[in-house]
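S.K.: Here's my sequence, what's the structure:
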Amino acid sequence: TPARPLTFPRILLKDSADLDKDSLTDLEEEILNTDSGVWDSDKDGYYDGQEIFNLYNPTGFAPVRLVDSGLVREYVNPSWKYRIYYPASWLEASVDAANDHILFSSITGDFIEVRAIKNEQAEPFDVWFANNIIGQSFTDLALVKNRFGVEFRKRSDSLAAYFVGNKVVFAVIYQPSGSAEDLFFRHIMQMMYQSFRLSDANMELSDQKILPAPVQ
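M.R.: Here you go, the predicted model:
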C-alpha cells in the first residue's frame, strides 16, 4: 500500500473551451504555443491535438518531434529511471527524498503526479490493483500501448494510467484544482502517458509521415 493514499479525479468531467475544435483546450494551446483559432497551426495537414497526442510538434511542419520543439521537457527520474515529457512552462518537483512521488504543476493549480508504488511480491496487476487502489474499478481500465510501444492500462477518461515495472507500478494521475467542473489539461495528460517509458528501454519515436500535397 502506498505511504500516501492515492486520490483520483471524478469521472465524467468535461473539457474546458476548445474554440477551434482541434482536441486541445484553449489553455493547452496557450501553453503549447499553438493558435487557439486555427485547427492546424503549422498547416501540415495534422490537427494540433493529433500532433500532441502522437508526440509531434504542432508548430513545426512535419516531421518535427515534440521533444525537439522546446514546448516540452523530458523528465528522467533519478531513482526509478523512467522518462516522461511535460510542458516546459510547468514546474516539476519531488515530494520525497526517494523520488517516489513527482508532481508536474500548472499555473492553474492543476497538476499531474507520478507515483512509484512497490510491488515486492510481483503480484499480477489485477491483484496488485485490488490490494492498493481504493474506490476505483479494474473494469474501467483498458490495456493499450503508448507511442513508444510501452504497454499500460488507462482509465476510460484518460485521467489515470498505470505502468508495470520490476516489482513496482507507476501510477500517473491527473489532479484538477479545487472543485473545478471543467478540465483544462486532459490532452496534456494524454501526451504525458504517451511519452512514458523506462530509460533502459531502447525505443525511438518513428518519423511523422509527410502528407501528400493536395491536388490543385
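
S.K.: C-alpha only now, for contacts and for neighbours.
M.R.: Fine.

S.K.: So in the protein, which helix runs the longest?
M.R.: helix 186-195 (DSSP state H).

S.K.: Would you mind listing the residues in contact with the residue nearest the centre of the chain?
M.R.: In the chain, the residue lying closest to the centroid (C-alpha atoms, centre = their mean) is Met192, at 2.2 Å. Residues near Met192 by C-alpha atoms under 8 Å, 6 or more residues apart in numbering: 84-86.

S.K.: When you filter those residues down to buried only, what's left?
M.R.: Buried members of those, scored by 16 or more other C-alpha atoms under 10 Å, are 84-86.

S.K.: Of these, just say which sits nearest to Lys145.
M.R.: Ile84 (14.8 Å; C-alpha to C-alpha).

S.K.: Helix 186-195 and whatever helix or strand that closest one lives in, what's the angle between them?
M.R.: Here Ile84 sits within strand 82-87, counting by DSSP states H and E. Here the directions of strand 82-87 and helix 186-195 differ by 150 degrees (axes from the mean of the first three to the mean of the last three C-alpha atoms, to 10 degrees).

S.K.: contact partners of the next helix or strand after strand 82-87?
M.R.: Elements were assigned by DSSP H and E; along the chain past strand 82-87, the next helix or strand is strand 91-94. Outside strand 91-94, the residues that touch it by C-alpha under 8 Å, 6+ apart are 100-106.
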